[in-house]
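**Student:** Based on what follows, work out the 3D shape:
(one chain, ligands or ions: 1)
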Amino acid sequence: MLPNALSERVLDCIIVGGGPAGLTAALYLGRFRRHVLLIDAGESRAAWIPVSHNQPSFPGGISGLDLLQRMKQQAERFGTEIRGSLRVDHIQPAESGFLVEFADGSATAKTILLATGVVNHRPDMRIDLHREAVARGLIRYCPICDGFEAMNQKIAVLGADDHGVDEALFLRTYSANITLLCAREIASAKMQRFAEAGIEIVTRPVTSIAIDQTRIVVDVERSTTGFAFDTLYPALGSSSNIELATRMGAAVSDQGCLIVDDHQMTTCAGVYAAGDVVEGLDQISVAAGQAAIAATAIHNRLRSLEGR
Ligand SMILES: Cc1cc2nc3c(=O)[nH]c(=O)nc-3n(C[C@H](O)[C@H](O)[C@H](O)COP(=O)(O)OP(=O)(O)OC[C@H]3O[C@@H](n4cnc5c(N)ncnc54)[C@H](O)[C@@H]3O)c2cc1C
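**Tutor:** Purely as a prediction, here's the structure:
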């Protein structure tokens, strides 16, 4: 349960989500001397990152867990209360702002920041195997993040639609040895580009994915030998965690992300959003930038409500 003082007080902001977006907003709002509660279910995509090499100021790279820990420490230093392993179930407008409900209680705040991220659609394989494959770089999810680390490797892209096609072409920047596993026909214009790029295409459904000492092994229908790759990029799409906002009537883009204005406010007044849940490049630096904009807008909105 929340301490009584907190549960009875109307907070300045409740942040939902404790990934890079939520933690950056918490840091800024704490330094704006705002009373903030951050609630996090603990499933940040950043926690999957074995080592990130594109975080400015970490020339030797940093693991996702280490980065999250540092961001959490920094946010807490400026007063944000963080409640982990807790999911927000419902948010609704209330007289004083918004009522936020979770398993063991509720809290109210004048503003809300949603930093709830997205969930990647995973290939059909055992969860523990998938975790190990991601940790070892045998499965990767983000060519922009780690295509560089897959330089000159034998790469597979597992696609279901045009995501896979585009991802395979993008990865040509890094390797000449790319196979697209895609159990559907590909438009002839794209086939022409694939032929020019030297990308191999396998249009038979994948039947199993396994890992060995160094490689990821993919079986497809009507093949006895299977295919072995250095790394596999699933390009199966993702689902944005938008329900808390859509239940309040927030507008959503064609891609299923929350629509925000230049100050990161959704179409619900007082409800802001930042990070992967918003349309844009799903990157930590983008999440942090959007969170800085949102936090500043929230502070200014509160200042205006307070008449100062
Ligand atoms: C394998 C992998 C490698 C990557 N490598 C890089 C990289 O090198 N560089 C880079 O810039 N990006 C990388 N990314 C992308 C990066 O992880 C994301 O862009 C980043 O984590 C987005 O931050 P976020 O705060 O928006 O969302 P997230 O980090 O996903 O955090 C969202 C949080 O909200 C919580 N949440 C959701 N709903 C609720 C709810 N109802 N109540 C409470 N909490 C809730 C979730 O549990 C989660 O903790 C990588 C991603 C993956 C999967």
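**Student:** Outline the domain layout of this protein.
**Tutor:** The record's domain split for the chain, according to automatic domain parsing, is 4-119+238-306, 122-235.
**Student:** Figure out which of the ones you listed is closest to the ligand.
**Tutor:** domain 4-119+238-306 (2.1 Å; CB to the nearest ligand atom). Where C-beta positions appear, they are placed from N, C-alpha and C, glycine not excepted.
**Student:** and that closest one, average pLDDT?
**Tutor:** Averaged across domain 4-119+238-306, the pLDDT comes to 96.
**Student:** Endpoint to endpoint, stretch 240-260 covers what distance?
**Tutor:** 14 Å (CA to CA, to the nearest Å).
**Student:** name the element Gly256 belongs to?
**Tutor:** In the assignment (DSSP states H and E), Gly256 maps to no helix and no strand.
**Student:** my read: it touches Ser239, true?
**Tutor:** Yes - with contacts counted by CB atoms under 8 Å, Gly256 reaches Ser239, the gap being 7.0 Å.
**Student:** Please work out which of the domains of the chain is packed deepest.
**Tutor:** Of all these, domain 4-119+238-306 has the most neighbours on average by mean count of other CB atoms under 10 Å, namely a mean of 19.
**Student:** Wait, Pro56 touches Ser285, no?
**Tutor:** Yes - using CB under 8 Å, Pro56 makes contact with Ser285 at a distance of 6.8 Å.
**Student:** same for the longest helix seen in the chain, what does it pack against?
**Tutor:** Counting residues, the longest helix found in the chain (DSSP state H) is helix 284-306. Using 3 or more CB pairs under 8 Å, 6 or more residues apart in numbering; DSSP states H and E as the contact test, the elements touching helix 284-306 are strand 10-16, helix 20-31, strand 105-114, strand 271-273.
**Student:** The last one and the ligand, are they touching?
**Tutor:** No - with CB under 6 Å from any ligand atom as the criterion, the ligand is not reached by strand 271-273; the gap is at least 9.2 Å.
**Student:** by contact count, what packs against that strand?
**Tutor:** Partner elements for strand 271-273 (3+ CB pairs under 8 Å, 6+ apart): strand 105-114, helix 284-306.
**Student:** For Val134, which of those is the nearest?
**Tutor:** helix 284-306 (16.4 Å; CB to CB).
**Student:** Export only the CA atoms of the closest one, formatted as CSV.
**Tutor:** Extracted as CSV, the C-alpha positions of helix 284-306 are listed here (Å, rounded to 0.1, in the frame of the first residue of the first chain):
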residue,chain,number,x,y,z
ILE,A,284,16.4,5.2,-26.1
SER,A,285,17.7,8.6,-27.1
VAL,A,286,14.3,9.4,-28.7
ALA,A,287,12.4,8.2,-25.7
ALA,A,288,14.6,10.4,-23.4
GLY,A,289,14.1,13.4,-25.7
GLN,A,290,10.3,13.0,-25.8
ALA,A,291,10.2,12.6,-22.0
ALA,A,292,12.2,15.8,-21.5
ILE,A,293,9.7,17.7,-23.7
ALA,A,294,6.7,16.1,-21.9
ALA,A,295,8.1,16.8,-18.4
THR,A,296,8.7,20.4,-19.2
ALA,A,297,5.3,20.8,-20.8
ILE,A,298,3.7,19.2,-17.7
HIS,A,299,5.6,21.5,-15.4
ASN,A,300,4.5,24.5,-17.4
ARG,A,301,0.9,23.3,-17.5
LEU,A,302,0.9,22.9,-13.6
ARG,A,303,2.5,26.4,-13.3
SER,A,304,-0.3,27.9,-15.4
LEU,A,305,-2.9,26.0,-13.3
GLU,A,306,-1.2,27.4,-10.2
